[in-house]
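> my questions concern the predicted model and sequence given below.
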Amino acid sequence: MARVGRDAENVLLHGLRKLEYRGYDSAGLALRNGHGVEVFKREGEISRLVSHVGREKPVAEIGIGHTRWSTHGPPTDENAHPHTDCTGEIAVVHNGIIENHGALRRQLEKTGHEFESDTDTEVIPHLIENGIAAGHSPEEAFESTVELLSGSYAIAMIHRGEKTVYAARRGSPLVLGIDESALFLASDVPAFLEFTDRVVYIEDEQLVRISASGYTITERGDEIADQPVVRVEWNGEAAEKGGYDHYMRKEIDEQPSAIRQIVGSHAAADELLDIDPAILDGVSEIQFVACGTSYHAALYGSFLLESRGIPASTYLASEYALHNCSIGENTLVVAVTQSGETADTLAAIDAAKRAGGRTLAVTNVVGSTAARTCDEALYIRAGPEIGVAATKTFSSQVVCLSLFAAQLTGDRSSALADALASLPGDIQRVLDRSKSRKIAARYRDREAFFFIGRGAGYPVALEGALKMKEISYEHAEGFAAGELKHGPLALVTPNTVVFAVFTGHNDDKLLNNVTEVKTRGGTVVAVVDTANEAVLEQANDVLEIPETHPDVAGLLANVQLQLVSYHAANLLGRPIDKPRNLAKSVTVE
Ligand code: M6R
């Protein structure tokens, strides 16, 4: 993040706290004041940096800051950004990975540069230093350095001699915020949303310069005068905890309103979705690409399409290019990504485009790279999601994909439409009556947690396991229930808890799998509607969901599983919103 305007240190620290969900193993600031460039860095969370800066009276008007998710070198004070050159006059922050840093570093070391960190980033200030030593201005040296870098980056740089921040972008997000009296650069809008909602999205290969007199954007030497200034829809309050202990819990509770928002904003008279219908012309096959929770939402969407006769396949975005899929003129590649900035997903979109594919982004972030790169964007309108664990955005993605399936197949069966209309109320009932805390307390000391399901229950089982492992650090795995007997059943002991997700898709067979678990001494917690008496008889414990359409039941079951993981993690004292080793937006491949 970078700031030009009064009180830079406090504003930067505030912004870094808002960005902490992107990475939180170390943080730092570089401030330009009358004497030069002052650098503060600390391993650990931003609160440690705040005490380190410890200044009552802000003095800087220009600064850059960073909160890190380590790629090169462990989280230490030395590896925290900003990084400086040998003179200490240049400071740089960087997101992404400089892939040729090894060769650049060797060259720089041979010519006498001394490095203080293990990071790929540190080559940048030393290269800029070389440019300035060769007689270039800081701006020229910055530009020529950027040309030497391969990989992905959003970089910001300050120099002691100028009241200016220089920045560049390739493959990592960078957004400019414009306030009456200040300018900001950040990886994401919440960093400065409290001050302004007017933003300019910086494109790949563009360079930006911000100073007290304004900003300029250039691309390959040409000034871009007409890059649009847009207003973001989110407000600062939506990105606050609002009295909750954790963002995750707040975001779980926001699911009814998030779903009302989608159904309200997309339900125009003739079209179910607020997208250009041309993107769907003649489409007869869908390929989904996504990662993590979004991959599970895509699997759910794929199931809905296939069960309505539309061929659909789902790829982990990081594997997509290796499959060399054939993309016909009637194939639509759908990238599902909350942030719209996940590097693996962006790479899959690029692969699809290179193969001549039509692309649609299903994303939460207006103006994100995925939204701008794909031919069309379908917004899930869930509002900001700050907890690293995705919750409300999974539900909103699946609801959007249900509407997408209904539009593509022309299947507007009233049963499904009614179930979607009742979904916010049904989720609210789950939230109000859930026994998830008791279940979490009862079983939190068990050795392993398995999640099984069939049909739409299968992606929900995968998602349940991901949530559990991600925030509680307990061993958890999700399986297609039918697969248990092909291997994983060997792991089931009296110390295992198996959550079985009943959605109405092959429930009888799922019940067979439940009895197989019980025969081996495992405990079964069924997530099921209470009309299903056969299941109630067999299960050791039950998490109830209201009766609904089988294609929607998985969403209700998922809310129960989100709550179980949340309570388990809370009882175990885990840092729920910022689980170890993870980041919300994974902008490296
Ligand atoms: O922003 P995206 O949806 O593309 O992120 C993909 C994954 O990194 C993400 O869903 C991750 O698995 C979740 N934070 C897990 O809760």
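Good, I have the coordinates.
> need the contact list for the closest residue to Lys578 other than its chain neighbours.
Nearest non-adjacent residue to Lys578, counting by C-beta to C-beta, 6 or more residues apart in numbering: Tyr24, 5.1 Å away. C-beta coordinates here come from the backbone N, C-alpha and C atoms, glycine included. By C-beta atoms under 8 Å, 6 or more residues apart in numbering, the residues touching Tyr24 are 45-46, 67-69, 578, 583.
> what parts of this structure come near the ligand?
291-294, 337-339, 342, 345, 388-390, 466, 470, 586 (C-beta under 6 Å from any ligand atom).
> can you rerun that using 8 Å?
Residues of the chain lying near the ligand by C-beta under 8 Å from any ligand atom: 290-295, 317, 336-342, 344-345, 363-364, 370, 388-391, 393-394, 466-467, 470, 582, 584-586.
> check what pLDDT the residue of the stretch 1-150 of the chain found nearest the ligand gets.
Nearest residue of the stretch 1-150 of the chain to the ligand, counting by C-beta to the nearest ligand atom: Tyr21, 9.5 Å away. Note on Tyr21: pLDDT of 77.
> what about the residue nearest to it when sequence neighbours are not counted, how many residues nearby?
Distance criterion C-beta to C-beta, 6+ apart; nearest residue to Tyr21, sequence neighbours excluded, is Lys584 at 4.3 Å. Lys584 is flanked by 24 other residues according to other C-beta atoms under 10 Å.
> what's the answer for Lys435, then?
There are 16 residues near Lys435, going by other C-beta under 10 Å.
> just checking, it touches Leu543?
Yes - taking C-beta atoms under 8 Å as the definition, Lys435 is a contact partner of Leu543 at 6.4 Å.
> all helices for the stretch 151-300 of the chain, in order.
247-253, 255-266, 292-306 (DSSP state H, counting those that start in this stretch).
> what lies in contact with the last one?
The reference is to helix 292-306. Contacts for helix 292-306 (C-beta under 8 Å, 6+ apart): 286, 288-290, 311-314, 316-317, 334, 336-338, 342, 345, 389-390, 393-394, 397-398, 401-402, 404-405, 408-409, 455-456, 458-460, 462-463, 466, 551, 554.
> now do the end-to-end distance for stretch 186-197.
End-to-end distance of stretch 186-197 (C-alpha to C-alpha, to the nearest Å): 13 Å.
> oh, I was asking about stretch 38-50
End to end - C-alpha to C-alpha - stretch 38-50 spans 14 Å.
> let me see the ranges of the helices in the stretch 351-500 of the chain.
369-373, 392-409, 414-433, 436-443, 457-472.
> quick one: closest of those to Arg169.
Among the helices of the stretch 351-500 of the chain, the nearest to Arg169 by C-beta to C-beta is helix 369-373 (9.6 Å).
> so what's the residue in the stretch 451-589 of the chain positioned nearest to the ligand closest to, chain neighbours aside?
Of all residues in the stretch 451-589 of the chain, the one sitting closest to the ligand is Val586 (4.8 Å; C-beta to the nearest ligand atom). Counting by C-beta to C-beta, 6+ apart, Val586 lies nearest to Thr342, which is 5.5 Å off, once chain neighbours are set aside.
> OK, contacts around the one you found?
Contacts of Thr342 (C-beta under 8 Å, 6+ apart): 291, 294, 317, 370, 585-587.
> how far is stretch 10-17 from where the chain is centred?
21 Å (C-alpha atoms, centre = their mean, to the nearest Å).
> swap in stretch 62-81?
20 Å.
> how far does that stretch stretch from one end to the other?
16 Å.
> what count of nearby residues applies to the residue in the stretch 251-400 of the chain positioned nearest to the ligand?
The ligand sits closest to Gly292 of the stretch 251-400 of the chain, with a gap of 1.9 Å, by C-beta to the nearest ligand atom. For Gly292, the count of nearby residues is 23 (other C-beta under 10 Å).
> and the gap between the residue of the chain positioned farthest from its centre and Ser144?
Distance from the C-alpha centroid of the chain, by C-alpha atoms, centre = their mean, peaks at Gly135 (42.1 Å). Distance of Gly135 to Ser144, given as C-beta to C-beta, to the nearest Å: 12 Å.
> Leu401 and Val362 touch, don't they?
Yes - here Leu401 reaches Val362: they are 6.9 Å apart, a contact under C-beta under 8 Å.
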